[in-house]
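Asks: for reference, the sequence and a predicted model appear below.
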Amino acid sequence: MSFEDLELGRTFSFNGSQHQHQHQEKQRQEPSQGVAAGVFQINTALASFQRLLHSLGTPKDTLLLRQKLHKTRLHIGQLVKETSTKLKQATETDQRIEVSASKKIADAKLAKDFQAVLREFQKAQGLAAERETTYAPFVPKEVLLPSNNGNGLEIDSAKSHEQLALLVQSKR
C-alpha cells in the first residue's frame, strides 16, 4: 500500500500467504538496506573528516577545527559499529533463509564496499595522527592576556596546560 493509496482512500487486501511472503522479503532487505545506508553515511562523514584533515598545518588549524575533527572521528566510529552490526544481520539472514543468488552477490558487494571505506578511514586516521603531532594548532591572540606575574603570558582558565605547551612549541 502506498501513500497515494491511503490518500485516495483505497484499502489493500491480500491473502495471508501473500502478506507473509512480503513480510519475509522485507525482513531480508532491511539489513542490506541498512548496510548500504551505513556505507553511504560513512563515506559522507569520511569526506568531511578528510576536508578537516587537509586543514591541519594551515592557518585554519585551530583548536575548534581539532575538536570538529575529533567529533567527526567519533561519529564515523559509531557509524562503523552500527553498519557492522547490520552487515552481520544481513549475512546471518543470507545463511538462514532461502535467498536468491543475486541478493547474496549484492550483500557480498556491500561487505566489500564496507571494507574499502574502513581502509580509507584507517588511512585518514593515520594521517590525522601524524599531522596532529607534527603541527600545532593556531591559537588566537584573544586567548593570550597580559599577566602580572612577569612572564607576559596568561592562558585563559578554559585552556589546558597541553595547549600552552603547543603554543610555546609553535612560537619556537
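Replies: Cool, got the structure. Numbering: from 1, shown residues only.
Asks: state the distance from residue 55 to residue 62.
Replies: 9 Å (C-beta to C-beta, to the nearest Å). C-betas here are computed from N, CA, C, even on glycine.
Asks: overlap in contacts, these two.
Replies: Counting by C-beta atoms under 8 Å, 6 or more residues apart in numbering, no residue touches both residue 55 and residue 62.
Asks: report the buried residues of stretch 48-58.
Replies: The neighbour-count check on stretch 48-58 (16 or more other C-beta atoms under 10 Å) flags 49, 50, 52, 53, 55, 56 as buried.
Asks: and these, which is closest to residue 85?
Replies: residue 49 (21.3 Å; C-beta to C-beta).
Asks: what about the nearest residue to the closest one once chain neighbours are set aside, neighbour count?
Replies: Distance criterion C-beta to C-beta, 6 or more residues apart in numbering; nearest residue to residue 49, sequence neighbours excluded, is residue 72 at 4.6 Å. Counted by other C-beta atoms under 10 Å, the residues lying close to residue 72 total 20.
Asks: cool, residue 88 as well?
Replies: Other residues close to residue 88 by other C-beta under 10 Å number 12.
Asks: got it, and the one 10 residues further on?
Replies: Neighbour count for residue 98, taken as other C-beta under 10 Å: 7.
Asks: dump the buried residues of stretch 48-58 to JSON lines, plus secondary structure and pLDDT.
Replies: Shown next, in JSON lines, are the buried residues of stretch 48-58 (DSSP: H, G, I helix; E, B strand; the rest coil; pLDDT from 0 to 100):
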{"residue": "49", "secondary structure": "helix", "pLDDT": "97"}
{"residue": "50", "secondary structure": "helix", "pLDDT": "97"}
{"residue": "52", "secondary structure": "helix", "pLDDT": "96"}
{"residue": "53", "secondary structure": "helix", "pLDDT": "95"}
{"residue": "55", "secondary structure": "coil", "pLDDT": "94"}
{"residue": "56", "secondary structure": "coil", "pLDDT": "93"}
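Asks: Three-state assignment for residue 75, please.
Replies: helix (DSSP: H, G, I helix; E, B strand; the rest coil).
Asks: that one contacts residue 45, correct?
Replies: Yes. Contact criterion C-beta atoms under 8 Å: residue 75 and residue 45 qualify, at 5.7 Å.
Asks: many thanks, have a good one.
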